[in-house]
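> got a predicted structure here, sequence first:
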Amino acid sequence: MKTLQKSGGFAALYMAISHLIGIVIFLVILDYLSITDPAQKVALNVDKQMVIFSTNLLMYVFFGFFLIVLSLALYDRLKSGAPAIMQVATAIGIIWAGSLIASGMVANAGLATVVSIYAKDPAQAALTWQGIESVANGLGNANGEILGGLWVLLVSLAALRAGGLPKGLNILGLSVGAVGIITIIPALNALTGVFGLGQIIWFVWLGITLLRNSPSRAA
């Protein structure tokens, strides 16, 4: 159990760091969201292919695998105090992980396809990328963080009942999870940024807790 808890702690810290790096690269360095013209967007993907490929691995594919480790560590830690909630939460966490891994894989596979098309027909490459990006975004929960929000909320609720994590962390998790869930509403989708930043803080606090405290001490 101790080894699994330590692994979960490292996984949580990785997830916080990778998410923060992804935000900096996509939103600050590449300014990806401000580009709405398909031709400009596909040109950026071709020009920054390795940066985007690596970032997709970091914040989607690898993130998903670490999420599985963290989900199992939290299940092991909290199952005795809230077994039913943790069963549901763990199932959702693994589904979310699979969705994120698929999103990153689709985006990177599509990126390779678009790069090969772009050299011959930039307009066709732009149309192709629009379709690929829609699928990748859907798998990556860009249209609403329902999976991530529900997972954080259920884990936090289970921890409140089981007493396996600090109370302040659980209250933060309930708030962050609730924000993630309501982003599924189109008018509130802009709150995904709030969810992402809140989740980074939650991951850091959770990772430190798992690395430093046993379940009994945290309670």
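Great, that's in hand. Numbering: from 1, shown residues only.
> how about the helices in this structure?
2-23, 38-47, 49-56, 62-78, 83-118, 122-139, 146-162, 167-182, 192-212, 215-218 (DSSP state H).
> from residue 100, how far out is residue 57?
11 Å (C-beta to C-beta, to the nearest Å). (Each C-beta comes from the backbone N, C-alpha and C, glycine too.)
> out of those two, which sits in the busier spot?
residue 100 (23 against 16; other C-beta atoms under 10 Å).
> tell me the contacts of the more buried one?
60-61, 63-64, 67, 139-141 (C-beta atoms under 8 Å, 6 or more residues apart in numbering).
> out of everything not next to it in sequence, what's closest to it?
Nearest non-adjacent residue to residue 100, counting by C-beta to C-beta, 6 or more residues apart in numbering: residue 64, 4.0 Å away.
> I figured that neighbour hits residue 94, correct?
No: between residue 64 and residue 94 there is no contact under C-beta atoms under 8 Å: 9.4 Å.
> need the contact list for residue 15.
By C-beta under 8 Å, 6+ apart, the neighbours of residue 15 are 63, 66-67, 70, 203.
> buried only: go through the residues you listed for me.
When these are checked for burial by 16 or more other C-beta atoms under 10 Å, the buried set is 63, 66-67, 70, 203.
> coming back round to it: more neighbours: residue 64 and residue 94, which one.
Taking neighbours as other C-beta under 10 Å, residue 64 and residue 94 compare with residue 64 leading, 21 against 17.
> what's the per-residue pLDDT of that one here?
On pLDDT, residue 64 comes in at 97.
> with residue 194 instead?
93.
> for residue 76, same thing?
95.
> least confident of the helices of the chain, on average?
helix 215-218 - the lowest mean pLDDT of the helices of the chain, at a mean of 52.
> list the buried ones in stretch 40-50?
For stretch 40-50, by 16+ other C-beta under 10 Å, it's 41-46, 48-49.
> stretch 130-143 now?
Quick answer for stretch 130-143 (16+ other C-beta under 10 Å): 132-133, 136, 139-141.
> pull the CA atoms of that stretch into CSV?
The C-alpha coordinates for stretch 130-143 follow below in CSV (Å, rounded to 0.1, in the frame of the first residue of the first chain):
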residue,chain,number,x,y,z
GLN,A,130,-10.7,20.6,-38.8
GLY,A,131,-12.3,17.1,-38.7
ILE,A,132,-9.4,15.5,-36.8
GLU,A,133,-9.3,18.4,-34.3
SER,A,134,-13.0,18.1,-33.6
VAL,A,135,-12.6,14.4,-32.7
ALA,A,136,-9.5,15.0,-30.6
ASN,A,137,-11.2,17.9,-28.7
GLY,A,138,-14.3,15.8,-28.0
LEU,A,139,-12.2,13.0,-26.6
GLY,A,140,-10.2,15.5,-24.6
ASN,A,141,-13.3,17.0,-23.0
ALA,A,142,-12.8,20.4,-24.6
ASN,A,143,-16.6,20.7,-24.8
